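>>> show me how the following folds:
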Amino acid sequence: MLYWLTALSDGGDVFNLFRYITFRAGGAFMTALLFGFLFGPPLINVLRKRQGKGQPIRSDGPESHIAKTGTPTMGGLLIVGALLTSTLLWARLDNPFVWLVLFVTLAFGLIGFADDYAKVSKQNVSGVSGKVRLGLGFLIAGIASYWASVYHPDTLQFHLALPVFKDTLINLGWFFVPFAMFVIVGAANAVNLTDGLDGLAIMPVMIAGGALGVIAYAVGRVDFTEYLDVHYVPGTGEILIFAAGLFGGGLGFLWYNAPPAAVFMGDTGSLALGGALGAIAVVTKHEIVLGIVGGLFVVEALSVIIQVLYFKRTGKRVFLMAPIHHHYEKKGWAEPQIVIRFWIIALILAMIGLATLKVR
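Numbers count the residues shown, from 1 in each chain. This next block holds a predicted model:
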């Protein structure tokens, strides 16, 4: 919205700053961060009063989680609110990719909100049916995947780009849409599975979002794409503003989610943010790189899949408990120890993912 102030510029005044994506990204970061600090306490108070007993705790979970009883959930509203406000204020609103990512974020956030509301109101960990959640998720992802393909350059439409092997484009045809749907829905649910300890999910989301924001900025500039030898996707640079808002909003939320958490992100936040990461990857043609920068989420999801399949086949468990962060809880690791070590892993993987921009 503030980009329109450039119409008042003569090229040498303060209004000219609003032309620059990096300046507006900084503004988005600060706006989202301040939003979190200003609205965090009143939102948490409202959630605590409305929810009463807070998020129901799994009876078969780690014993240490019983102490978390009464903690309110739906804290993702704070992140999504900060993200929406900062993006609408600082991004160019004539950019279709900005609206695409916002659409996915808000739509998945609504699914998560409905799930959280069902859990809190019924005091039951089941929430909305998994089939309903997946069905709605694939519908949203299908719309977004086709939307992204329409606005991609002709040479990239319905093609899969590969990291490192940058001259290679795989023409998936219409199969690209279900592939992209799987990326978005998979990312949303992987982040959701990761959100099981105080502060565990939000920092890796911020790290992956920051890395994808850098990638979006790079592939949206002709000079950068020529230097890095990656595919140019016009308009993706504006996604950096969304990513900056995500980082600022994430920091604001982490202030209240740090152990011991005053509020949980809930499915409202985890599904919204995971869907956003998947959407950015599809928009920037870096779907495979998402599997690297978001590798921690991949491991968390795989640990659940492996546990379920192996148990059905043998009646035994590979992990003491899945997702894998609970396995380490059962082994006696302290919660902050698990969280910080997983943050370190997420940062390393994000750096590896960014390195693929130049490696060939």
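>>> CA only for contacts and neighbour counts going forward, please
Fine.
>>> how about the helices in the chain?
21-51, 76-90, 96-122, 130-151, 176-194, 202-219, 222-228, 239-257, 266-283, 287-293, 295-314, 324-330, 335-355 (DSSP state H).
>>> check those for me: which has the lowest mean pLDDT.
When the helices of the chain are compared by mean pLDDT, helix 222-228 comes last with a mean of 91.
>>> could you list every helix and strand in contact with that helix?
In terms of contacts (3 or more CA pairs under 8 Å, 6 or more residues apart in numbering; DSSP states H and E), helix 222-228 is packed against helix 202-219.
>>> any idea how many residues pack against the nearest residue to Gly26 once chain neighbours are set aside?
The shortest distance from Gly26 to any non-neighbouring residue, by CA to CA, 6 or more residues apart in numbering, is to Ala244 (7.0 Å). Residues lying near Ala244 (other CA atoms under 10 Å) number 30.
>>> now do the contacts for Ala244.
Listed by CA atoms under 8 Å, 6 or more residues apart in numbering, the contact set of Ala244 reads Ala25, Gly26, Ala28, Phe29, Gly210, Gly213.
>>> that older thread, ok, which of the helices of the chain comes nearest Leu2?
Ranking the helices of the chain by proximity to Leu2 (CA to CA) places helix 76-90 first, at 5.5 Å.
>>> which outside residues touch the closest one?
Here helix 76-90 has contacts from 1-3, 24-25, 27-29, 31-33, 35-36, 39-40, 43, 102, 105-106, 109, 241-242, 245-246, 249-250, 252-253, 264-270, 272, using CA under 8 Å, 6+ apart.
>>> buried subset of those, written for PyMOL?
A single PyMOL command is used to select the members of the contacts of helix 76-90 judged buried by 16 or more other CA atoms under 10 Å:
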select buried, resi 3+24+25+27+28+29+31+32+33+35+36+40+43+102+105+106+109+241+242+245+246+249+250+252+253+264+265+266+267+268+269+270+272
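>>> okay if I get the helices of the chain as TSV plus distance to Gly70?
Supplementary listing: the helices of the chain in TSV, determined by distance: least, CA to CA, whole Å:
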stretch	distance to Gly70
helix 21-51	8
helix 76-90	17
helix 96-122	11
helix 130-151	25
helix 176-194	20
helix 202-219	21
helix 222-228	50
helix 239-257	14
helix 266-283	14
helix 287-293	34
helix 295-314	26
helix 324-330	20
helix 335-355	18
